[in-house]
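1. Sharing a sequence plus its predicted fold:
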Amino acid sequence: EIRYRQTDDPALLSQARADVREVYPTFTAFNPTRLLIATWDQVAHFDSVVAFSGLTNTFQCVLITDSSLSFVIFLYADDLIQWSVGTANLSAHAQAGFNAGDGIRFTTIEGSRTEAIVNIETTSNIGVPGKYLFRVD
């Protein structure tokens, strides 16, 4: 199941502001006005209809904006990433990151397209296991 919601909940905006300011301390005036939270809940691998392994992945993406600056947080909780390949191609491991689609602006999280991606909940680009934060405006 994939769910998403837009929110301006003050508590969530405050947490997002704190996360951004901790990673980007020069943005002391950053005050987000909206969040888009998308959750992929117990997603099976590609081609799982043919041979469902019982393994699923659950993770979140939070888009944060103040209408000028934008950031994204990827969240991978402990033990909720259970697979890295589907049944269609056992050498095609999952990847994580973002892509503007222009061949120039993209980021792939380390370990993507390798067996190591299954351990994404233990790695980070900000020192918090399972949490990645990027500026994307």
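-> Okay, I see it. Residues are numbered from 1 along each chain as shown.
2. With adjacent residues omitted, what lies nearest to the residue nearest in space to the middle of the chain?
-> By CA atoms, centre = their mean, the chain has its centre lying nearest to Phe74, at 2.4 Å. Among residues not flanking Phe74 along the chain, Tyr132 sits closest, at 4.3 Å (CB to CB, 6 or more residues apart in numbering). To be clear about C-beta, it is placed using only N, CA and C from the backbone, and glycine gets the same treatment.
3. Who are the contact partners of the one you found?
-> 73-74, 96, 109, 124-126 (CB atoms under 8 Å, 6 or more residues apart in numbering).
4. repeat that with 7 Å
-> Residues counted as contacts of Tyr132 (CB atoms under 7 Å, 6 or more residues apart in numbering) are 73-74, 109, 124-126.
5. Can you pick out the ones from those residues that are in strands?
-> 73-74 (DSSP state E).
6. related to what we said a few turns ago, and the residue nearest to Phe74, that's in a strand?
-> Yes. Under DSSP: H, G, I helix; E, B strand; the rest coil, Tyr132 falls within a strand.
7. ok, now how distant is it from Ile73?
-> 7 Å (CB to CB, to the nearest Å).
8. how far away is the nearest residue to Thr33 once chain neighbours are set aside from Ala16?
-> Once flanking residues are discounted, Thr33 sits nearest to Asp66: 5.4 Å by CB to CB, 6+ apart. Asp66 sits 10 Å away from Ala16, going by CB to CB.
9. what is in contact with those two at once?
-> Pro32.
10. Who has more neighbours out of the two?
-> Ala16 (25 against 18; other CB atoms under 10 Å).
11. Okay, buried residues for the host helix or strand of the more buried one please.
-> Assigned by DSSP states H and E, Ala16 belongs to helix 10-23. For helix 10-23, the neighbour count (16 or more other CB atoms under 10 Å) marks 13, 15-17, 19-20, 23 as buried.
12. Run through the neighbouring helices and strands of that helix.
-> strand 34-43, strand 57-65 (3 or more CB pairs under 7 Å, 6 or more residues apart in numbering; DSSP states H and E).
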